[in-house]
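In: I need the structure of the sequence given here:
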Amino acid sequence: METEVRRTPRQLLAAIVGVVFLLVGLLGFIPGVTTHYDMLTFAGHHSGALLLGVFAVSILHNIVHLAFGVAGLAMARTASGARAFLIGGGVVYLVLWLYGLVIDHGSAANFVPVNTADNWLHLGLGVVMIALGLIPLGATRSPVADSR
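Out: Predicted coordinates:
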């Protein structure tokens, strides 16, 4: 007898967000998609590489995106995990947005690295992820998930 696994809408959204982070992490390592790839450094503001020619990236930054994607996919396996990933991840991105606002982008404190485009993206990601974690999306648990 085959058991059907039903995912809640929030689990699906968390998985989609996780996949997007995985893609962004991978794209950060692809020359052409990442401009100035020859300037990619492990960390720090000296990395001149730009994902899509806009967003500052480094090897560390790409690894964080990959890890965030894996966490999103893993946490999307349960309704509570999906909610925690979206809300917690949103909070992390709002903190990263604040970090990007207060540090000098040319200083050693900019170890991630971030630029103005990253700051706007982090603000948007934080708000959207928290909203996806909090807004009512129908059933929070499926009957199949409850039977496990």
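
In: The longest helix along the chain packs against which elements?
Out: Counting residues, the longest helix found in the chain (DSSP state H) is helix 79-102. When contacts are defined as 3 or more Cβ pairs under 8 Å, 6 or more residues apart in numbering; DSSP states H and E, helix 79-102 sits against helix 9-27, helix 59-75, helix 116-134. (Glycine included, C-beta is placed from N, CA and C.)

In: Just put these in CSV and tack on mean neighbour count, mean pLDDT and distance to residue 81.
Out: Listed next are the helices and strands packed on helix 79-102 as CSV, based on neighbours: other Cβ atoms under 10 Å; pLDDT from 0 to 100; distance: least, Cβ to Cβ, whole Å:
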stretch, mean neighbour count, mean pLDDT, distance to residue 81
helix 9-27, 19, 97, 8
helix 59-75, 18, 96, 4
helix 116-134, 17, 96, 11
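
In: Out of those helices, which gets nearest to residue 89?
Out: helix 116-134 (5.1 Å; Cβ to Cβ).

In: same for that closest one, what does it pack against?
Out: helix 9-27, strand 55-56, helix 79-102.

In: pull the CA atoms of stretch 65-85 into CSV?
Out: C-alpha atoms of stretch 65-85 as CSV (Å, rounded to 0.1, in the frame of the first residue of the first chain):
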residue,chain,number,x,y,z
HIS,A,65,23.1,30.4,0.2
LEU,A,66,23.6,26.7,-0.5
ALA,A,67,23.3,25.8,3.2
PHE,A,68,20.2,28.0,3.6
GLY,A,69,18.7,26.1,0.6
VAL,A,70,19.5,22.7,2.1
ALA,A,71,18.0,23.9,5.5
GLY,A,72,14.9,25.1,3.7
LEU,A,73,14.3,21.8,1.9
ALA,A,74,15.0,19.8,5.1
MET,A,75,12.7,22.0,7.2
ALA,A,76,9.9,21.9,4.6
ARG,A,77,9.4,18.2,5.4
THR,A,78,7.1,19.2,8.2
ALA,A,79,4.5,22.0,8.6
SER,A,80,6.1,23.3,11.8
GLY,A,81,9.6,23.1,10.2
ALA,A,82,8.4,25.0,7.2
ARG,A,83,7.0,27.8,9.3
ALA,A,84,10.1,28.0,11.4
PHE,A,85,12.3,28.2,8.3
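
In: ok, back up a step: need the helices and strands packed on helix 79-102 in CSV with distance to residue 37, can you?
Out: Shown next, in CSV, are the helices and strands packed on helix 79-102 (distance: least, Cβ to Cβ, whole Å):
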stretch, distance to residue 37
helix 9-27, 11
helix 59-75, 11
helix 116-134, 17
